[in-house]
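Student: Sharing a model prediction with you, sequence too.
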Amino acid sequence: MDYATFLRRVPKVELHCHFEGTVRAATVVDLARRHGIALPTEDVESLYDYDTIEGFLTIFGLVASTLIDREDFARVAFESLEDGQKLGNLKHREMFFNPTLHTRRGVPYGTVVDGLVDGIREAERQLGVSCRLIADVYRQDTPDEALAMVESVLAHRPDEVIGLGMDGAEAPDPPERFAAAFARAKAGGLRLTSHACEDAPPQNIVTCLDLLGCERIDHGYHILADENVVKRALDDGLYFTCCPTATARVYGWPDLSRHPIGGMVAAGLNVTLNSDDPTMFHTDIGKEFVDLCTALNYGPEQVRAFCLNSVDGSWLDASEKARLRAHMDAELKRMQSELVA
Ligand code: ADE
Ligand code: ZN
């Protein structure tokens with residue numbers, strides 16, 4: 001087996017992937033036609049073209065607006081997991097979704113979450129890929145909107161919904177705005193994570209940990225600017241969910257060999273690799289492994305560490321985690337031996 005095939009096929013768990021950023025181009029066009037929604041272009045190659053986070057978020061909202069019926073959410077959730085399995089041997093994903101992006105357009109929260117769960121359960125049945133859901137606070141919402149969103153999540157909660165996260169543009173809207181929403185989620189039994197230090201200083205990581213109670217950090221690239229925060233992350237065994245391609249595009253690290261992920265790995269942090277918004281950044285979880293590991297000359301041992309970090313940093317319960325880890329460990333060993341041979 002050649003190395004690129006190995007990178008693509010090693011078994012993967014993904015902890016940072018936005019449902020709305022996984023819609024296939026052809027599906028966006030199909031849903032937009034069906035619901036009479038005008039797209040700026042049906043050439044989705046150019047629709048999915050941006051170089052700032054704000055430009056990206058505008059199209060992200062547009063793509064979300066093509067999802068209306070429960071069946072739409074189910075179809076996209078299924079297709080999204082099917083792509084992960086086909087393109088990257090995905091075994092399990094903890095997937096973000098943005099409730100307010102849908103509810104503010106008049107789509108009831110129950111329609112969103114029930115549709116997602118339909119698609120996830122079908123994917124588990126047909127493909128054997130598992131998925132859990134993390135509702136994301138959208139930072140550009142008000143604190144009251146975020147709190148109301150958390151209340152809806154807690155009021156209608158299938159087992160698949162396990163956590164609260166936070167996304168949107170980080171620099172203008174710091175995490176402390178959403179302390180009440182995170183406190184309510186924690187009291188209601190949700191696990192907590194947040195995008196942080198993607199586009200803002202390391203202090204945002206500290207705020208997410210100490211004020212919001214986050215257990216993982218999504219991104220974290222500017223952490224190396226503060227050695228105290230690095231030490232804290234090492235001492236806590238904190239997991240980072242990093243996304244090479246998306247951030248190369250919108251945060252200006254086009255050369256992956258110079259992406260801060262390399263420095264984070266060298267500092268000994270628990271880094272995981274993820275696709276963020278795969279279709280919207282013309283990537284997939286397999287390609288993320290191929291591109292980053294090639295650019296940084298990572299060998300099989302580092303690849304194995306990325307794969308197992310994601311299992312260890314996941315929010316599966318202890319027995320599910322042990323079962324998945326053993327399965328992935330065996331598959332990794334077998335593939336590593338085929339690589340050497
Ligand atoms: N929404 C979807 N992907 C995102 C990202 N990488 N950062 C902030 N908000 C997002
Ligand atoms: Zn993200």
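Tutor: That came in fine, so what should we check first? Ligands and ions are numbered 1, 2, ... in the order given.

Student: my read is residue 241 is in a strand, agree?
Tutor: Yes: assessed with DSSP: H, G, I helix; E, B strand; the rest coil, residue 241 lies in a strand.

Student: Would you enumerate the residues in contact with it?
Tutor: Residue 241 makes contact with 15, 16, 193, 216, 217, 218, 219, 272, 274, 313 under the criterion CB atoms under 8 Å, 6 or more residues apart in numbering. Just so you know, the C-beta spots here come from the backbone N, C-alpha and C atoms, and that holds for glycine as well.

Student: now, the most widely separated pair of those residues?
Tutor: Distance extremes for the contacts of residue 241: the farthest pair is 219 and 313 at 13.9 Å, using CB to CB.

Student: Neighbour count: those two, which is higher?
Tutor: When neighbours are counted by other CB atoms under 10 Å, residue 219 comes out ahead of the other of residue 219 and residue 313, with 29 against 22.

Student: now the nearest residue to the more buried one once chain neighbours are set aside, what's its secondary structure?
Tutor: Leaving out its chain neighbours, the residue that sits closest to residue 219 by CB to CB, 6 or more residues apart in numbering is residue 198, at 3.7 Å. State at residue 198, reduced to three classes by three-state DSSP: coil.

Student: rewinding a little: please pick the buried ones from the contacts of residue 241.
Tutor: Buried residues within these, defined by neighbour count using 16 or more other CB atoms under 10 Å: 15, 16, 193, 216, 217, 218, 219, 272, 274, 313.

Student: Is residue 263 in contact with residue 220, as I believe?
Tutor: No: using CB atoms under 8 Å, residue 263 is not in contact with residue 220; the gap is 11.0 Å.

Student: Which of these two has more residues huddled nearby?
Tutor: A direct count of neighbours by other CB under 10 Å for residue 263 and residue 220 places residue 220 higher, at 29 against 14.

Student: List the contacts of the more buried one.
Tutor: Residue 220 touches 196, 197, 198, 205, 233, 240, 242, 264, 269, counting by CB under 8 Å, 6+ apart.

Student: what's across from the residue of the stretch 151-300 of the chain found nearest ligand 1 in the sheet?
Tutor: Going by CB to the nearest ligand atom, ligand 1 is nearest to residue 167 of the stretch 151-300 of the chain, at 3.5 Å. For residue 167, the beta-bridge partners under DSSP bridges are residue 138.

Student: Distance of it relative to residue 18?
Tutor: Computed with CB to CB, to the nearest Å, the distance linking residue 167 and residue 18 is 7 Å.

Student: which residues do those two both contact?
Tutor: 96, 98, 136.

Student: The last one against residue 163, yeah?
Tutor: No: with contact defined as CB under 8 Å, residue 136 and residue 163 do not form a contacting pair (9.3 Å).

Student: The two: which is more packed in?
Tutor: residue 136 (27 against 22).

Student: From the chain's centroid, how far away is the helix or strand hosting the more buried one?
Tutor: Assigned by DSSP states H and E, residue 136 falls within strand 130-138. Relative to its chain's centre, strand 130-138 lies at 9 Å (CA atoms, centre = their mean, to the nearest Å).

Student: so what does it touch, helix or strand wise?
Tutor: Where contact means 3 or more CB pairs under 8 Å, 6 or more residues apart in numbering; DSSP states H and E, strand 130-138 is packed against strand 90-97, helix 99-103, helix 109-127, helix 143-155, strand 161-167.
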